[in-house]
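1. Mind folding the following:
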Amino acid sequence: MAIRVLLLTQWFDPEPTFKGLVFARELVAQGFEVEVVTGFPNYPGGKVYAGYKIRPLQREVIDGVKITRLPLYPSHGQSGVGRLINYASFAASTLFYGLFGAKKPDVIYAYHPPLTVGIAAAFIRFFRRVPVVYDIQDMWPDTLQATGMFSNQKLLKVVSSVCNWVYRHVDQLVVLSPGFKRLLIERGVPSNKIDVIYNWCAEDMVRATSTHLPAHFPDASKFRILFAGNMGKAQSLETVIEAAQLLQEQTNQVALIFLGGGVEVSRLQALAKSTQLDNVFFLPAVPMGEVGVYLSSADALLVHLKKDPLFTITIPSKTQAYMAAGKPILMAVDGDAADLVRDAGCGVVSESDNPRALADAILALMQIPVEERNRMADSGQAYYRQKLSLSVGAARFGEHFKRLSK
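-> Sure, this is the predicted structure:
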């Protein structure tokens with residue numbers, strides 16, 4: 001008899017989501033019976049996707065995964081009130097369905113954020129006596145404060161208290177980094193209740209689908225460092241522009257390439273133009289299915305975040321994508337992410353938010369023989385396959401589901 005998993009997540013395909021259909025499909029492949037409980041897709045625009053209409057309940061089956069969509073208030077603007085209603089409405093629908101509509105599962109998996117999904121899971125656990133595995137992808141209230149979503153200290157204390165309540169009323173916590181685990185232990189969560197399962201990446205998306213150089217991509221006469229992804233305030237990419245300025249004074253052999261979109265793109269472009277940099281290139285965002293050819297065309301791949309205590313315990317998801325793509329990594333994030341690159345032997349580490357250190361690290365990486373850089377790339381791929389891949393991560397979750405459902 002297959003173990004029944006009720007997978008609670010506010011965001012699910014076709015929305016951009018991490019633990020979405022690929023995760024549920026892998027669990028089915030490993031022998032679990034999976035029902036996903038989610039909302040009607042509206043993230044990140046806050047408008048319901050074409051082809052969907054909010055109704056009391058909608059069921060579908062994709063690749064053996066049963067998907068149940070429940071009503072919510074669609075919103076994802078700057079309004080904290082709108083976001084709160086969005087979270088609360090889905091939690092209320094989930095709680096009602098979990099108590100009265102769902103066939104009793106053997107185990108519940110709940111994805112955080114938002115915290116409200118954890119609250120609903122804890123109540124379903126209490127009334128239906130079903131164990132809960134709680135997957136923490138964002139450390140609240142720390143992230144809320146760091147991103148400026150909430151600044152009211154009283155409200156942040158309330159969120160912290162509710163988080164602690166949820167942690168006490170679930171059976172297993174899973175976190176994405178050792179730093180998350182350390183922080184939870186400091187907050188009173190027993191060590192044996194927390195497991196670190198690293199995130200995986202969209203493995204089929206990072207593999208190159210073409211050998212042709214992408215349009216407007218610098219040729220191999222330059223040492224090409226690529227940053228791919230969102231360009232927001234957290235990435236602090238003005239540091240990279242300042243490093244490019246330092247490099248331009250020393251060599252004409254380096255090209256720094258930014259691929260993607262975000263709120264900071266126009267400011268960064270203006271900064272590069274005002275300092276007359278000819279070693280910086282901006283390329284527009286491309287569909288995920290095309291990213292692989294850009295990654296494979298670079299000589300090294302850059303991760304950068306601003307210097308912040310929260311980010312020392314964060315491992316940006318592009319780290320795993322870069323490792324799977326098989327390119328040396330330039331890791332300019334302090335803490336757990338840097339430790340991961342060192343452990344894997346797959347790149348060079350630089351202090352975050354330090355233009356001089358970043359420029360020096362780029363020069364050092366460029367001067368490493370090609371054979372050694374290829375070894376770094378191979379080491380990253382091997383480490384990813386053995387410790388970070390979808391099949392490895394899903395199997396680790398499966399072990400918890402089997403243990404708790406006995």
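
2. pLDDT weak spots in the stretch 101-250 of the chain?
-> Low-confidence segments of the stretch 101-250 of the chain (pLDDT under 70): 146-150, 208-210.

3. where exactly do the helices run in the stretch 301-406 of the chain?
-> Applying DSSP state H, counting those that start in this stretch to the stretch 301-406 of the chain gives helices spanning 318-325, 336-344, 355-367, 370-383, 390-405.

4. Which stretch among the ones you listed is buried most, on average?
-> helix 318-325 (a mean of 27; mean count of other CB atoms under 10 Å). Using the backbone N, CA and C atoms, a C-beta is placed for each residue, glycine as well.

5. Counting by contacts, list what that helix packs against.
-> Applying 3 or more CB pairs under 8 Å, 6 or more residues apart in numbering; DSSP states H and E, one finds that helix 318-325 contacts helix 203-206, helix 288-297, strand 300-304, strand 329-332, helix 336-344, helix 370-383.

6. what's around the nearest residue to Tyr198 once chain neighbours are set aside, how many residues?
-> Spatially, and ignoring its direct neighbours in sequence, Tyr198 is nearest to Leu388 (4.8 Å; CB to CB, 6 or more residues apart in numbering). As a burial measure, Leu388 scores 22 neighbours (other CB atoms under 10 Å).

7. Could you check how far Leu388 is from Ile257?
-> Distance of Leu388 to Ile257, computed by CB to CB, to the nearest Å: 25 Å.

8. do the same with Gly31
-> 43 Å.

9. hmm, who's touching the top helix by length along the chain?
-> Assignment by DSSP state H gives helix 80-100 as the longest helix of the chain. Helix 80-100 has contacts (CB atoms under 8 Å, 6 or more residues apart in numbering) with 6, 8, 10, 37, 39, 46, 57, 68, 70-77, 108, 114-117, 119-121, 123-124, 127-128, 149-150.

10. Distance to Ala234 added to the helices and strands packed on helix 318-325, as JSON lines?
-> What follows is the helices and strands packed on helix 318-325, written out as JSON lines (distance: least, CB to CB, whole Å):
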{"stretch": "helix 203-206", "distance to Ala234": "22"}
{"stretch": "helix 288-297", "distance to Ala234": "20"}
{"stretch": "strand 300-304", "distance to Ala234": "10"}
{"stretch": "strand 329-332", "distance to Ala234": "13"}
{"stretch": "helix 336-344", "distance to Ala234": "13"}
{"stretch": "helix 370-383", "distance to Ala234": "23"}
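
11. Pick out the shakiest of these, pLDDT-wise.
-> When the helices and strands packed on helix 318-325 are ranked by mean pLDDT, helix 203-206 comes last with a mean of 84.

12. Please name every helix or strand in contact with the helix or strand following that helix.
-> Sequence-wise, the next helix or strand downstream of helix 203-206 (DSSP states H and E) is strand 223-228. Judged by 3+ CB pairs under 8 Å, 6+ apart, the packing partners of strand 223-228 are strand 254-259, helix 288-297, strand 300-304, helix 355-367.

13. Which among the ones you listed is found nearest to Phe227?
-> Nearest to Phe227, of all these, is strand 300-304, at 4.4 Å by CB to CB.

14. quick one: buried residues of that closest one?
-> For strand 300-304, burial by neighbour count (16 or more other CB atoms under 10 Å) applies to 300-304.

15. now stretch 166-180
-> For stretch 166-180, the neighbour count (16+ other CB under 10 Å) marks 166-167, 169-180 as buried.

16. Between those, which sits nearest Phe23?
-> Checking the buried residues of stretch 166-180 against Phe23 with CB to CB, the nearest one is Val174 at 12.1 Å.

17. Let me see the contact set for the closest one.
-> Counting by CB under 8 Å, 6+ apart, Val174 touches 133-136, 194-197, 397, 400.

18. Please indicate which of those residues are buried?
-> Judged by 16+ other CB under 10 Å, buried ones among the contacts of Val174: 133-136, 194, 197, 397, 400.

19. rewinding a little: so what's the residue nearest to Tyr198 scoring on pLDDT?
-> We have a pLDDT of 96 for Leu388.

20. Am I right that it is in contact with Gln320?
-> Yes - if you go by CB atoms under 8 Å, Leu388 and Gln320 touch, sitting 5.3 Å apart.

21. Show me whatever sits in contact with both of the two.
-> Shared contacts of Leu388 and Gln320 (CB under 8 Å, 6+ apart): 198-201.

22. what pLDDT does Gly77 get?
-> At Gly77, pLDDT is 64.

23. no wait, Val37
-> If you check Val37, the pLDDT there is 98.

24. where does it land in three-state SS?
-> Under the three-state scheme (DSSP: H, G, I helix; E, B strand; the rest coil), Val37 adopts strand.

25. Tell me the bridge partners for it.
-> According to DSSP bridges, the residues that bridge with Val37 are Leu8, Thr68.

26. Report the contact partners of it.
-> 6-9, 68, 70, 94, 97-98, 102.

27. what does Leu226 give?
-> Under the criterion of CB under 8 Å, 6+ apart, the neighbours of Leu226 are 257, 259, 294-295, 297-298, 300-302.

28. With adjacent residues omitted, what lies nearest to it?
-> Nearest residue to Leu226 in three dimensions, chain neighbours excluded: Ala298, at 3.7 Å (CB to CB, 6+ apart).

29. can you give me phi and psi for the one you found?
-> When read as degrees, to the nearest 10, the backbone of Ala298 gives phi -80, psi 160.

30. okay, which residue is most central for this protein?
-> Residue closest to the mean C-alpha point of the chain, counted by CA atoms, centre = their mean, is Ser317 at 4.2 Å.

31. The residue lying closest to it once chain neighbours are set aside - how many residues pack around it?
-> Leaving aside its chain neighbours, Ser317 sits nearest to Asn199 (5.8 Å; criterion: CB to CB, 6+ apart). When neighbours are defined as other CB under 10 Å, Asn199 has 19 of them.
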